[in-house]
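In: Got a sequence here, can you model it:
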Amino acid sequence: MNKSIFNIPFQQGDTQSKIVIGLERISETFRVLLWEHAKIIGLSPIQIQILIFVAYHKEHLCTVSYLAKEFNVTKPTISDAVKALDKKEMIRKTKTSTDSRSYSIILTDQGQKAVSDTENFADPIKQLLTNIEKKDQEVLLKIINTLIFKLNRSGILSIQRTCYACKFYEKTKNDHYCNFIQTSLKDSEIRLDCPEFEEKV
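Out: Numbering: from 1, shown residues only. You can find the predicted model right below:
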C-alpha cells in the first residue's frame, strides 16, 4: 500500500497521518481568514503579517532579513511587501546602528490603524477553543510547543522563539525553569514567542 499521508485508505488507519492532515486543515483555515481580511483592507496577507509582527516585536527583529526567516519566504518577497507598505505610508524605515545598509521597520499611525483593523482575523479559531476543556487545551499546547521545537531543530522551521530553545530555559524534574525571570514554569506557561528569547548555543 502507498503510505502517503494523502492516500485515504492508508490515512484512515494511521494516526500520525490523520494528525498531519488535521494540522493542514487548520493551517488552511488560518490562510482563509487572513485572505478575507486582506481583501477588505486592500493589503496582501504577507503585508498584514508584517504589520502585525512589527507592532508586537522589538525593533532589532523588524528587518527584511529577519522577516524573511520569520515567514519562510525570500528577501525579495519581503522587500516588495515593505516597499508597498512604505508607499501606502503604513511603515517608515530607520537605519540600524550595526549596519548602515540595513534598516528596521517602524509602524506609522496609519500602520497602527491597519493592525487594529486586522489583528483579530484569527479570533474565530480562538473562540472555538473556549469549548474545549482547559486540561485538553494544555495538552494541545504542550504538543504544539514540542512539535515547533522539533521542526526548528530539523531545519524545516527556520525561526522559533520558544522556551525549549532558549538559553535561559532549564528542564527540572517536575516542571520547567526560566533563569531570566528566575521562576518555575508549568507546561501551560511555556511561551511560543518570548520577547526575552536568546537562542541556546
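
In: rest of the way, CA atoms for contacts and neighbours
Out: Noted.

In: Check which element follows the helix-or-strand element of the chain with minimal mean pLDDT along the chain.
Out: Here the helix or strand of the chain ranked lowest by mean pLDDT, DSSP states H and E is helix 8-12, holding a mean of 88. Counting by DSSP states H and E, the element after helix 8-12 in chain order, helix or strand, is helix 15-41.

In: Show me what the mean pLDDT comes to for that following helix.
Out: In this model, helix 15-41 has an average pLDDT of 93.

In: try stretch 139-159
Out: 89.

In: Other residues contacting it?
Out: 69-70, 72, 160, 162, 164-165, 187-188, 190, 192 (Cα atoms under 8 Å, 6 or more residues apart in numbering).

In: repeat that with 7 Å
Out: 69-70, 160, 164, 187-188, 192 (Cα atoms under 7 Å, 6 or more residues apart in numbering).

In: any chance you could map the strands in this structure?
Out: Ranges of strands within the chain are 91-95, 103-107, 169-171, 176-178, 183-185, based on DSSP state E.

In: Could you dump those strands into JSON lines and include mean neighbour count and mean pLDDT?
Out: Shown next, in JSON lines, are the strands of the chain (neighbours: other Cα atoms under 10 Å; pLDDT from 0 to 100):
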{"stretch": "strand 91-95", "mean neighbour count": "16", "mean pLDDT": "91"}
{"stretch": "strand 103-107", "mean neighbour count": "21", "mean pLDDT": "93"}
{"stretch": "strand 169-171", "mean neighbour count": "17", "mean pLDDT": "92"}
{"stretch": "strand 176-178", "mean neighbour count": "18", "mean pLDDT": "92"}
{"stretch": "strand 183-185", "mean neighbour count": "15", "mean pLDDT": "91"}
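
In: ok so, going back, mind giving me the PyMOL command for buried ones among the contacts of stretch 139-159?
Out: Buried residues among the contacts of stretch 139-159 (16 or more other Cα atoms under 10 Å), as a PyMOL selection:
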select buried, resi 69+70+160+164+192
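
In: hang on, residue 179 packs against residue 169?
Out: Yes - using Cα atoms under 7 Å, residue 179 makes contact with residue 169 at a distance of 6.4 Å.
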